[in-house]
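Visitor: Let's see this in three dimensions:
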Amino acid sequence: MINAWWLVIVSFAWLVLLVWIQRMSYRHGVWDGAFNHFMPQVQKEMLYYDRHRATRILRQEGLLDPEDTPEAS
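Guide: Alright, predicted model coming up:
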């Protein structure tokens, strides 16, 4: 019979892996148009990943004034 602790350990490792995959998918999904760029959390992730590219995209979409230099917080 399988020891129950192995099941707990494997379940916890699986949960950690799923959370990590979700975070990575979110960060990379920002660029393929899967998310709305007007949402503040999406803009923050875009600026965190690539400030130059995000600034260009947000200015093209009219979400950022040309003279603004956003701070990634």
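Visitor: all contacts plus neighbour counts: C-alpha atoms, from now on.
Guide: Will do.
Visitor: Distance from the chain centre to the least confident helix or strand in the chain by mean pLDDT, please.
Guide: The weakest-scoring helix or strand in the chain, judged by mean pLDDT, DSSP states H and E, is helix 40-49 (a mean of 82). The chain centre lies 7 Å from the centre of helix 40-49; the measure is CA atoms, centre = their mean, to the nearest Å.
Visitor: same question, stretch 13-29
Guide: Its chain's C-alpha centre and that of stretch 13-29 lie 10 Å apart, by CA atoms, centre = their mean.
Visitor: mean confidence for that stretch?
Guide: Averaging pLDDT along stretch 13-29 yields 86.
Visitor: Within the helices and strands, which one has the most centrally placed residue in the chain?
Guide: Central residue of the chain (CA atoms, centre = their mean): residue 27, 2.7 Å from the mean position. Element membership for residue 27 (DSSP states H and E) is helix 4-29.
Visitor: Can you tell me which helices and strands that helix packs against?
Guide: Applying 3 or more CA pairs under 8 Å, 6 or more residues apart in numbering; DSSP states H and E, one finds that helix 4-29 contacts helix 40-49.
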